[in-house]
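> Please work out how this folds:
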Amino acid sequence: MMGRTLAGLTLVISFAVQALSMGIFQVSIMAIYNYRGQKEDGRCCDGYQERPPCTMECRTFFSICLLHYITDVPDTPSCPFGHTFTPVLGGNTINETALAVLNYFPLKIQFSYGWPGTFTLVIDVLHDAFHNRTLSDPSQRILRSVVIDTAHPPTLWRKETEVSESVDLFYNFRVLCDENYYGPECNTLCRPRNDNLGHYLCDENGTKICLPGWEGEQCQRAVCLDSCNRTNGICEEPFTCRCIMGWTGESCDQCLTHPKCANGYCLQPSQCICHSGWRGEYCNIDTNYCMKTQPCFNGGTCLFDLAHNYTCSCPHNFTGYHCESVLCHEGFCAHGGHCQNSDDGPICTCPPEFHGEKCEIPVSTCEEVTCKNNGTCIMKESIAICNCVASFKGKRCETYINPCDSFPCKNGRCVNSSASYSCVCEEGYKGDNCDKIVDLCDDFICYNGGTCFLESTSKLPVCACGDHYSGPDCRNNINLCDDHLCQNGGSCKETSSDFKCDCIEGYSGLHCEQKRDLCENIVCKNGGVCKNFENSTKCICDPHYEGKLCEVPLLQSDQSATHPTLWDRDRDMSQVNSSVTHHHSVFRTLTFIVIYFCLSEIL
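This next block holds a predicted model:
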């Protein structure tokens, strides 16, 4: 049993008293074997026992208590240094295989006080009798293991074994300081750093070890080069020497002359002491310039000038700072050409049969010129020139032009193809010059106003559809009326963002579910009463009136059927005025109309 390979659950116990942690106490349960399935008092955890083991297994969990150094441990200790317990981890046997299947994540609880060195560790193996993992019932204890010892961090794992008549327990423990804490009490803080506040590492005791090139209590002072002039230079980085203003050199022992000093030296910063042969405030006047350089052309004479080093005295027919510009003189233009001075120098006007800067070149003809590489000779301003085909240039089309020399392919390889070129693009680019980024949405069509975008994971094009459409390319129409039925004979119609029910006469509401009083906006005249019918209304008129709104009076029974109606009175009045001499029956009708109008005005 002792030779078995044990691996198991690590329980990390720590005790947080303050916000700052300094160390950790760890316990690793390796294995437990309860051969009989009994508790400490010899009774079965569950079931009964005719002969070992008990008929039912224990439900085993652990309580771990850390105390100050005491030798007389009470039955229920208070655990002032900290306490933790596990869930039910298994039955009578909890070994490497069981813990691996459980895959229980170790607890990590840190302590934030100076580690005292001495301690008492109490590990109780308990049966979960009532499925509440009670810790206050000693009768459910299977085994207790007590370690009274001394340990200083960092310690290696210490193996412990607790064996009773029927139970074997194997576990390890150790004490470690937190990262950046050192010493036997884990109260020495040393955090490695490499910044403006220090440049150091920490040894195993928490002592600062300066990084190479740094010194001082906090390793914040750079080590200078031994040769560095400490008066003219400072050290900001190890083994360097940064010069202050006015000094230079590896050791900052060389002064800098004035910025404008050309040929001088200094003994102190910004001086300009001239070397031999030089003069001026900034030593830029060469007293021997004329002799050394002979800068004047065309027979000009060099004269020393304190302000500008020299001045050229030019002979007849020449001018310029170096006598480099020619003036017109006899014979300057050949073959009888006419010379004229200009800002750019003499200009020759040549006779028709000559050309050139000085009329020295006879005018050639295409019969005298041979153009290479399929070039064609043409006459331009009395001069025979070669008109070159693509990919060639030069006076006689003798120079080949490689179209790839201009690097036209921005993101690809150029291939020369006779007078042109083609581009082999890199992945992700397209276009004649590989200057366009490939967008997968360019060739992906989204219908019905959908918008293409690249899906974040697959980077493939997908469509964001507008209202009323769905599907990978937005071709599927979503009919909003499918799920919104209109009642009472109403008809459904889609709008830009919703649906609408067109209700028949007499109904209203979102789904035409409300029956409307059709008479609410109808006013029947002359005592008439509006009545609702299925899909219409009607005015029930007084016996003396008729019409849609009871607006027309009925004639008396002794009146002729030919009597005019109210709507015809204007027309009939004009007829009466024009035919007063008609038949007596017409006269009676006119009389009635006049009486009728008078009665209407009174009423």
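> what's the domain layout of this protein?
9-182, 190-222, 289-326, 366-400, 406-437, 482-496+500-515, 520-553, 566-602 (automatic domain parsing).
> ranking those by burial, who's on top?
domain 9-182 (a mean of 17; mean count of other Cβ atoms under 10 Å). All C-beta spots, glycine's among them, are computed from the backbone N, C-alpha and C.
> and that one, how far from the chain's centre?
Centre-to-centre, domain 9-182 and its host chain are 50 Å apart (Cα atoms, centre = their mean, to the nearest Å).
> rewinding a little: would you turn the domains of the chain into JSON lines with mean pLDDT?
Shown next, in JSON lines, are those (pLDDT from 0 to 100):
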{"stretch": "domain 9-182", "mean pLDDT": "85"}
{"stretch": "domain 190-222", "mean pLDDT": "91"}
{"stretch": "domain 289-326", "mean pLDDT": "84"}
{"stretch": "domain 366-400", "mean pLDDT": "83"}
{"stretch": "domain 406-437", "mean pLDDT": "83"}
{"stretch": "domain 482-496+500-515", "mean pLDDT": "77"}
{"stretch": "domain 520-553", "mean pLDDT": "86"}
{"stretch": "domain 566-602", "mean pLDDT": "40"}
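> Specify the stretch among these that is closest to C243.
Smallest distance to C243 across the domains of the chain (Cβ to Cβ): 15.0 Å, for domain 190-222.
> Distance from that closest one to the middle of the chain?
Remark: domain 190-222 is offset 38 Å from the chain centroid, using Cα atoms, centre = their mean.
> do the same with stretch 237-255
Distance of stretch 237-255 from the chain centroid (Cα atoms, centre = their mean) equals 45 Å.
> Contacts for it, please.
Stretch 237-255 is contacted from outside by 212-214, 222-225, 227-229, 232-236, 256, 266-271, using Cβ atoms under 8 Å, 6 or more residues apart in numbering.
> Give me the subset of these lying in strands.
214, 222, 233-234 (DSSP state E).
> Could you work out the most separated pair of the residues you listed?
Distances among those were taken as Cβ to Cβ; the most separated pair is W214 and G233, at 17.7 Å.
> circling back to that earlier point, can I have the buried ones of the contacts of stretch 237-255 as a ChimeraX selection?
Listed next is the ChimeraX selection for buried residues among the contacts of stretch 237-255, using 16 or more other Cβ atoms under 10 Å:
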select :214,222,223,224,228,229,232,233,235,256,266,269
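> Check what contacts the one helix or strand L176 maps to and list those residues.
Taking DSSP states H and E as the definition, one finds L176 inside strand 167-177. Residues outside strand 167-177 that contact it (Cβ under 8 Å, 6+ apart): 1, 6, 8, 22-35, 115, 121, 123, 125, 142-143, 145, 147, 151-163, 183, 186.
> Tell me which entries of those lie within strands.
Short answer: the contacts of strand 167-177 in strands (DSSP E) are 23-34, 121, 123, 125, 142-143, 145, 147, 158-163.
> Can you list phi and psi of A100 for me?
Main-chain torsions, A100, degrees, to the nearest 10: phi -70, psi -40.
> The stretch 1-150 of the chain: strands as residue ranges?
Using DSSP state E, counting those that start in this stretch, the strands assigned to the stretch 1-150 of the chain run over residues 9-13, 23-34, 60-67, 82-85, 93-94, 110-111, 118-127, 141-150.
> can you give me the angle the second one makes with strand 141-150?
Computed by axes from the mean of the first three to the mean of the last three Cα atoms, to 10 degrees, the angle separating strand 23-34 from strand 141-150 equals 140 degrees.
> what lines up beside strand 23-34 in the sheet?
Strand 23-34 pairs in its sheet with strand 9-13 (antiparallel), strand 93-94 (antiparallel), strand 110-111 (antiparallel), strand 167-177 (antiparallel), by DSSP bridges.
> With distance to F62 as extra columns, can I get the ones you listed in JSON lines?
Output for those, formatted as JSON lines (distance: least, Cβ to Cβ, whole Å):
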{"stretch": "strand 9-13", "distance to F62": "7"}
{"stretch": "strand 93-94", "distance to F62": "9"}
{"stretch": "strand 110-111", "distance to F62": "20"}
{"stretch": "strand 167-177", "distance to F62": "9"}
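> Which one, of those strands, ends up nearest to G47?
G47 lies closest to strand 93-94 among these, at 16.1 Å (Cβ to Cβ).
> What are the contacting residues of the closest one?
Around strand 93-94, the neighbours that count as contacts under Cβ under 8 Å, 6+ apart are 8, 29, 31-34, 60.
> Please save the CA atoms from stretch 341-356 in CSV.
The C-alpha coordinates for stretch 341-356 follow below in CSV (Å, rounded to 0.1, in the frame of the first residue of the first chain):
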residue,chain,number,x,y,z
ASN,A,341,22.8,88.4,-76.8
SER,A,342,20.1,87.2,-74.3
ASP,A,343,19.8,86.4,-70.6
ASP,A,344,20.7,82.8,-71.4
GLY,A,345,23.7,83.7,-73.5
PRO,A,346,24.3,84.3,-77.3
ILE,A,347,21.6,82.9,-79.6
CYS,A,348,22.3,82.1,-83.2
THR,A,349,19.7,82.6,-86.0
CYS,A,350,20.8,80.1,-88.7
PRO,A,351,20.3,80.1,-92.5
PRO,A,352,17.8,77.5,-93.7
GLU,A,353,20.4,74.9,-94.7
PHE,A,354,22.0,74.8,-91.2
HIS,A,355,21.0,74.3,-87.6
GLY,A,356,22.5,73.7,-84.2
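> Any figure for the gap between L225 and G213?
Taking Cβ to Cβ, to the nearest Å as the measure, L225 falls 10 Å from G213.
> does the nearest residue to L510 once chain neighbours are set aside have beta-bridge partners, and which?
Nearest non-adjacent residue to L510, counting by Cβ to Cβ, 6 or more residues apart in numbering: C501, 6.6 Å away. For C501, the beta-bridge partners under DSSP bridges are C492.
> tell me the contacts of C501?
C501 touches 484, 486, 490-493, 509-512, counting by Cβ under 8 Å, 6+ apart.
> quick check, nearest of these to V389?
Within these, proximity to V389 (Cβ to Cβ) peaks at K493, which comes in at 69.5 Å.
> Not counting its neighbours along the chain, what's nearest the closest one?
Nearest to K493 is K500, by Cβ to Cβ, 6+ apart, at 5.2 Å.
> wait, the one you found sits on G490?
No - using Cβ atoms under 8 Å, K500 is not in contact with G490, being 9.6 Å away.
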